[in-house]
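> coords below, sequence missing:
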């Protein structure tokens, strides 16, 4: 059968280390790799599943797994991804992908996330039952890459360190006004008000679920006079702010809207203002988002490379004053999320069905594998309208982090 021949060729080339055992729908058994770990056994339930994986592996691997047509009988989905990606980094060129990728890239460049589409895309992911996120995120519901000073830091500790690191780069001083683009469940905005003592923080989101939760948190913290949240697209934002921060939102903008995004940021940023953009990206060349992720998890999403972002930044009249690339930090973050999610299987099934559980298990595993074995990274870009808006050296970051840490301890003592 042709699909079996193609799969044998693909797995022979991809799996050099570890062990992959494949059972076809017809009952044939094949083994690939050097016999080491990880050891993974997969089984196809029907011949059409084998053909589908050959024709469109980047889409069908996740679909077949979530639909139960590709069964992992030993190991788990992350182990399978490790076998396939640790040596090839996703470049399975013997499968018919190259022409398809060119078509996807052409479509990606022409797909614009206007206000209506952006709202729909955000609702698809972020307006799920809020109880789902509480099962695997930290207590502050930080749904973005944490910052691990040490690999064995707890998730809560690493997410607090992330907020501190970003606030230090923003150089928020008492009385400053801050715009938080894509404010999530409000954790960053509340931190900037409580710990960094910002004078006012406006958080904008397109998720109604997140908006409601954020407003409740601000009220419970007694900060409604300084922190407000609005259901608003970044393109509709007006005003003038000392600082602008955006964490984990830019991935949803899309290349066709980069000029709008950075143009808006410059417009609302004061002449001596500073912006910190924290976004997932890629260290390689421009590349379309995994089609399974686009279809089931993040419609309209795109992970940029620097060469896609920089021209739009320059056209907007913004200056890059600092750039930091976080490499394995998100792999550690996703590992913690995935382990927590799997441990809460019964609670997830009270909210959604088994297919949904497998879909999200696959999403978390695919995302972790992208940071471990492919080219996914996190960019932290500090931007300004003037090149003298920040100090000459980076010493101020550590100094401000120390001051923020002391402020955190005072705030926590007051809250205890």
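Looks like it arrived, so ask away. Predicted model only: the values in this text are computed from it and were never measured. Numbering: from 1, shown residues only.
> tell me the domain ranges of the chain?
Per automatic domain parsing, the structural domains of the chain span 2-96, 115-415.
> of those domains, which shows the lowest average pLDDT?
Note on the domains of the chain: lowest mean pLDDT is at domain 2-96, with a mean of 91.
> that older thread, in CSV: the domains of the chain, plus mean neighbour count.
For every residue, glycine as well, the C-beta is placed using N, CA and C. Listed next are these as CSV, based on neighbours: other C-beta atoms under 10 Å:
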stretch, mean neighbour count
domain 2-96, 17
domain 115-415, 19
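> first-to-last residue distance for stretch 40-60?
18 Å (C-alpha to C-alpha, to the nearest Å).
> now it: how far from the chain's centre is it?
Distance, stretch centre to chain centre, for stretch 40-60: 27 Å (C-alpha atoms, centre = their mean, to the nearest Å).
> outside of that stretch, which residues touch it?
Contact partners of stretch 40-60, identified using C-beta atoms under 8 Å, 6 or more residues apart in numbering, comprise 1-4, 6-7, 10, 18-26, 61, 63-64, 68-75, 79-80, 83, 92, 95-97, 100, 290-292, 295.
> and stretch 397-411, by the same measure?
Outside stretch 397-411, the residues that touch it by C-beta under 8 Å, 6+ apart are 160, 164, 165, 167, 168, 169, 171, 194, 195, 196, 197.
> inside strands: which ones of the residues you listed?
With DSSP state E as the criterion, strands contain none of these.
> for those residues, give me TSV that also has distance to residue 299.
Shown next, in TSV, are those (distance: C-beta to C-beta, whole Å):
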residue	distance to residue 299
160	31
164	33
165	30
167	31
168	34
169	31
171	35
194	34
195	35
196	34
197	38
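> run the chain-centre distance for stretch 358-368.
Here the centre of stretch 358-368 is set off from its chain's centre by 12 Å, with C-alpha atoms, centre = their mean.
> run through who's touching it.
Contacts for stretch 358-368 (C-beta under 8 Å, 6+ apart): 62, 65-66, 68, 76-78, 81, 290, 292-293, 296-297, 330-331, 334-335, 337-338, 341-342, 348, 376.
> let's see it at 7 Å
Stretch 358-368 is contacted from outside by 62, 65-66, 77-78, 81, 290, 293, 296-297, 331, 334-335, 337-338, 341-342, using C-beta atoms under 7 Å, 6 or more residues apart in numbering.
> if I look at residue 320, how far off is residue 348?
41 Å (C-beta to C-beta, to the nearest Å).
> so the nearest residue to residue 183 once chain neighbours are set aside: helix, strand or coil?
Distance criterion C-beta to C-beta, 6 or more residues apart in numbering; nearest residue to residue 183, sequence neighbours excluded, is residue 203 at 2.9 Å. What DSSP: H, G, I helix; E, B strand; the rest coil gives for residue 203 is strand.
> is residue 203 bridged to anything, and to what?
Judged by DSSP bridges, the bridge partners of residue 203 are residue 180, residue 229.
> stretch 227-242: how far from the chain's middle?
Taking C-alpha atoms, centre = their mean, the mean C-alpha location of stretch 227-242 is offset from the chain mean by 22 Å.
> measure it end to end?
Where stretch 227-242 begins and where it ends lie 15 Å apart, using C-alpha to C-alpha.
> the helices in the stretch 1-150 of the chain, which residues?
In the stretch 1-150 of the chain, the segments counted as helices under DSSP state H, counting those that start in this stretch are 2-14, 47-55, 57-66, 77-85, 98-110, 115-126, 130-134.
> helices along the stretch 301-416 of the chain, start to end?
306-316, 329-343, 345-351, 354-373, 395-415.
> go through those and name the closest to residue 145.
Proximity to residue 145 (C-beta to C-beta) singles out helix 329-343 among the helices of the stretch 301-416 of the chain, at 4.1 Å.
> what are the contacting residues of that closest one?
Helix 329-343 has contacts (C-beta under 7 Å, 6+ apart) with 135-136, 145-148, 151, 155, 158, 360-361, 364-365, 367-368, 371-372, 378.
> give me the angle between it and helix 354-373.
160 degrees (axes from the mean of the first three to the mean of the last three C-alpha atoms, to 10 degrees).
> going forward can the numbers begin at 6, since that is how I track them
Fine by me, first position is 6 from now on; the one you just mentioned is helix 334-348.
> what angle sits between helix 334-348 and helix 82-90?
Counting by the same axes, to 10 degrees, helix 334-348 points 140 degrees away from the direction of helix 82-90.
> grab the longest strand from this protein for me.
Of all segments of type strand in the chain, defined using DSSP E, the longest is strand 274-287.
> and that strand, how far from the chain's centre?
Offset of strand 274-287 from its chain centre (C-alpha atoms, centre = their mean): 17 Å.
> next SSE downstream of it?
helix 296-301 (DSSP states H and E).
> who are the packing partners of that next one?
On a contact count with 3 or more C-beta pairs under 7 Å, 6 or more residues apart in numbering; DSSP states H and E, helix 296-301 meets helix 62-71.
> hmm, who's touching stretch 311-318?
260, 263, 264, 267, 291, 325, 388.
> and those, which two are furthest apart?
291 and 388 (20.9 Å).
> hmm, back to that, how about the contacts made by the residue nearest to residue 188?
Neighbouring residues of residue 208 by C-beta under 7 Å, 6+ apart: 185, 188, 191, 194, 219, 234.
> and the fifth one, what does it touch?
Applying C-beta under 7 Å, 6+ apart, one finds that residue 219 lies in contact with 188, 190, 191, 208, 234.
> 8 Å instead?
When contacts are counted by C-beta under 8 Å, 6+ apart, residue 219 touches 188, 189, 190, 191, 194, 208, 210, 234.
> ok, it to residue 332 distance?
30 Å.
> the second one now?
For residue 188, the distance to residue 332 (C-beta to C-beta) stands at 26 Å.
> ditto for the first one
Using C-beta to C-beta, one obtains 25 Å as the distance from residue 185 to residue 332.
> any idea how far residue 397 is from residue 326?
For residue 397, the distance to residue 326 - C-beta to C-beta - is 11 Å.
> same question but for residue 206, I mixed them up
Using C-beta to C-beta, residue 206 is found at 22 Å from residue 326.
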